Structure formats: C-alpha cells, structure tokens
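>>> A structural model of the following input is requested.
(2 chains)
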Amino acid sequence: DTAVSQTPKYLVTQMGNDKSIKCEQNLGHDTMYWYKQDSKKFLKIMFSYNNKELIINETVPNRFSPKSPDKAHLNLHINSLELGDSAVYFCASSHPQDPGRETQYFGPGTRLLVL
Amino acid sequence: SQELEQSPQSLIVQEGKNLTINCTSSKTLYGLYWYKQKYGEGLIFLMMLQKGGEEKSHEKITAKLDEKKQQSSLHITASQPSHAGIYLCGAAGLYNNAGNMLTFGGGTRLMVKP
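So this is what the prediction gives:
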C-alpha cells in the first residue's frame, strides 16, 4: 500500500500554463508538506500545512499555492509556469510532535518540465 | 546560505569498502534525519537522531549525532551496490524556527563499484 502518493509522476507543459500536482497520504497524518528539488538535487521546503496553519517559505513565488480539500490531501497549484519551475516536487506528511521528533514520509515525486 | 553542509558531495567506493558521510549544521539541531534517495525516485527514511551523542544502526548503516548536536555522520560498513544513491541529511527547526519544516543538506551521491 502506498503511504504518500503523488500524481502525475511526470508533467511536461508549456510556459505560461497553469497546472496542479496532487498529493494524498493514507497514514492519518495531520501535517503535509511540499518540497522542491532542483536540477542540482538540492531539496528545499516550500510549504508546511495542517488544518490550523500554513507556513510558507518566503522564497516561494506567490504563483505557487497549496490547497487542501481534506486532511489526507494537499495539492499544489502553479500559475503562469516559468522555465525555472522545472524541478522534481515532493510531497511529504508527518504526525506533528515536538520539533525534531517527527518523521516525514515522502511521496515518489513529480517531475515537472516546463518548455 | 545553506545551513546544512554535507561532505563529500560525491563518493565512489569499491564494493566491500567502508565509507562515511558527514553533515554539519551552523546551529544546534532539534533533530537530525537521514534519508536515502535512489536515482530518479523518492526519499526513503533511514534514521532520526535527537540526543547529543546518540547513535543508531540499521543493518550496515550507522548514524551518530555529536554531543553538541551540530554534526552527524553516516557510516556504511562493507558497502554493496544496493547502497548506491543520494544520501540527504535533514534538520528540523532551522527554517524560521518552524520546527516541523526540514532543511536539507546538498546531498552526497554515492556510487558503489562491483
């Protein structure tokens, strides 16, 4: 059984388009995250979200917005895609505990290529 | 600036050899996580360290956190081709003091030659 799943696995699109990436977790976790991994494999947090609080990395352009229809889902919407948005996007989830005590479980990633 | 530094950036070892990957933080860590990423795939959780001086092992992989909680090492004994991948250390609490958001190091790319 897949714990954290993402769709699609691959996404190729034109510059200027709007796209969404879906994430679902069946672990019963309260907190979900989006990370971006660039071409140099550097992994950076984008958002942390639970039903109470959204924490945003201030370096993330406001073209990116997380949307959560329910506790098990956190989708990532991207407007007006740019070439620099090409990356692998990872979703993760955790059951919140004290900082440093919780384990995040990652999805398989969505490889986005903007042409 | 990157707050978690990993070294080396890449490593090629002969099968059967031991190796060590280091992760250094500019700040005291709430918790230090080690993940492995197979090429083109997602991240697999390996271990989490919290206490200064803590050491954990899983199969042939041992991770340690120093007493000051600013440096961690990952040691692989008798490496195998299955150990190949990208090893990432992640730290909680570094980003804007938001405890549950992980900051990752740049990764160490490991290749094991048969």
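>>> any idea which helix or strand of chain A has the worst average confidence?
strand A:54-56 (a mean of 83; mean pLDDT, DSSP states H and E).
>>> now swap in chain B and tell me
Ranking chain B's helices and strands by mean pLDDT, DSSP H and E puts strand B:102-104 last, a mean of 88.
>>> tell me the first helix or strand C-terminal of that one.
strand B:108-113 (DSSP states H and E).
>>> who does that next one pair up with?
strand B:10-14 (parallel), strand B:85-92 (antiparallel) (DSSP bridges).
>>> now, of these, which is deepest in the fold?
strand B:85-92 (a mean of 25; mean count of other CB atoms under 10 Å in any protein chain shown). (C-beta placed from N, C-alpha, C; glycine too.)
>>> which residues does A:Val60 contact?
With contact set as CB atoms under 8 Å, 6 or more residues apart in numbering or on different chains, A:Val60 has these partners: A:Met46, A:Phe47.
>>> over to B:Leu19?
So B:Leu19 contacts B:Leu11, B:Val13, B:His75, B:Ile76, B:Ser79, B:Leu110 (CB under 8 Å, 6+ apart).
>>> what does chain A put close to chain B?
A:31, A:33, A:35, A:40-45, A:48, A:55, A:57, A:90, A:92, A:94, A:96, A:98-109 (CB under 8 Å from any CB of the partner chain).
>>> and if we set it to 7 Å?
A:31, A:33, A:41-43, A:45, A:48, A:55, A:57, A:90, A:94, A:96, A:99-109 (CB under 7 Å from any CB of the partner chain).
>>> of the contacts of B:Leu19, closest to B:Ile61?
When these are ranked by distance to B:Ile61 (CB to CB), B:Ile76 comes first, at 5.5 Å.
>>> isn't that closest one right next to B:His83, touching?
Yes. Under the criterion of CB atoms under 7 Å, B:Ile76 makes contact with B:His83 at 5.6 Å.
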